[in-house]
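>>> Predicted model and sequence follow; I will ask about them next.
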Amino acid sequence: MVHYEVTNDIAWVTLQRPEKQNALSFEMFKQLDKIIKVIRSDHSIRAVFLQGEGEHFCAGLDVKSVTKRPMQILKLLAKILPGNQNLVQRIVLGWRTLPIPVYAILQGNCLGGGLHIALGADFRIAKSNTQVAIMESRWGLCPDMGTSIIIPSYIRQDNALLLAMNAERINAQRAQELGIITTITDEPKKYVEQQVDALRHHSPDALAAIKLLYNQAYQQPSRKLLWLETWYQIKLLSSKNTRIAMKNGVKNSDTQPYQKRTRWK
């Protein structure tokens, strides 16, 4: 479901569920986590290309698949200490810990968890038909994949709130205006290959130092935010309004009214 190969010192990571728009299953989370560790241990790799097979990058979490097995939800969110990264956070933030450039090659739908993974990359190179969205509020949930740490370096707070609250899709041009997409091109693979060819003229140690230094400069303090992401999600999963939202989010279902907001402070 996630294919990994190294070709000419480039690590290719391909989401392979095109029949499901590469929606993320529990197994894919585990595979991505393992692949990040494998790449980190291979010092010969000069760059990572993340891509989705078929017409779409990733439509987000395969909600039906994961919710059929409640233990999978617990395994996705579980962490030893509150400030540690859990599985869903590791497959986003893990790309940023790699001392090499990571490029996400986007096309079609890049939604929910798919967008969070792409935001974990250093660069997002998109086809003009790309659409992005932060989808969690549609299901009565909040973003919990670690992007609260990195999204302030891309986008203003008001625009981030609009995206996360409305759960509406925006096109590639608008996403680039906001700072989510780096470059739009109808030949994204050719573009990233040219970028890496240019970087081969520079010391890999210098590139590693630059990436790690700038990540520290732009990154928010992480441990408290990582805990809040997980805690808010756990609290929402136990909310009656979340169950209503999940029913309302299904197409052709009758819309039910929400109950009064619970206490948050």
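That came through, no problem.
>>> Burial check on residue 255, number of neighbours?
By other Cβ atoms under 10 Å, the residues close to residue 255 number 9. C-beta: built from backbone N, CA, C; applies to glycine.
>>> helix or strand for it, which one?
Assignment of secondary structure by DSSP states H and E places residue 255 within no helix or strand.
>>> so what's it up against?
residue 248 (Cβ atoms under 8 Å, 6 or more residues apart in numbering).
>>> any idea how far residue 244 is from it?
Applying Cβ to Cβ, to the nearest Å, the value for residue 255 to residue 244 is 9 Å.
>>> before we move on, what about residue 223?
Using Cβ to Cβ, residue 223 is found at 32 Å from residue 244.
>>> So the two - more neighbours on which side?
Using other Cβ under 10 Å as the criterion, residue 223 and residue 244 rank with residue 244 on top: 16 against 13.
>>> How much space separates that one from residue 235?
From residue 244 to residue 235 the distance is 15 Å (Cβ to Cβ).
>>> Could you do residue 92 as well?
Distance of residue 92 to residue 235, computed by Cβ to Cβ: 21 Å.
>>> Tell me how far stretch 31-49 lies from the chain's centre.
In this view, stretch 31-49 has its centroid 17 Å away from the chain centroid, taken as Cα atoms, centre = their mean, to the nearest Å.
>>> Now do the end-to-end distance for it.
Using Cα to Cα, to the nearest Å, one end of stretch 31-49 lies 16 Å from the other.
>>> Would you mark the buried spots in that stretch?
Within stretch 31-49, the residues that count as buried by 16 or more other Cβ atoms under 10 Å are 31, 32, 33, 35, 36, 39, 45, 46, 47, 48, 49.
>>> so what's the third one scoring on pLDDT?
Okay, so that is residue 33. Looking at residue 33, its pLDDT stands at 97.
>>> before we move on, which element is it in?
Short version: residue 33 belongs to helix 26-41, going by DSSP H and E.
>>> Partner strands of the following helix or strand past that helix and their direction?
Using DSSP H and E, the next helix or strand after helix 26-41 towards the C-terminus is strand 47-52. When sheet partners are counted by DSSP bridges, strand 47-52 sits next to strand 10-15 (parallel), strand 102-106 (parallel).
>>> Show me what strand 47-52 is in contact with.
Outside strand 47-52, the residues that touch it by Cβ under 8 Å, 6+ apart are 9-15, 18, 21-22, 39, 57-58, 95, 98, 100-108, 114, 117-118, 121, 189, 192, 196, 199.
>>> Test my guess that residue 247 contacts residue 256.
Yes: counting by Cβ atoms under 8 Å, residue 247 does reach residue 256; the two are 6.2 Å apart.
>>> what residue ranges in the stretch 151-265 of the chain score low on pLDDT?
Counting by pLDDT under 70, the stretch 151-265 of the chain shows low-confidence ranges at 251-253, 265.
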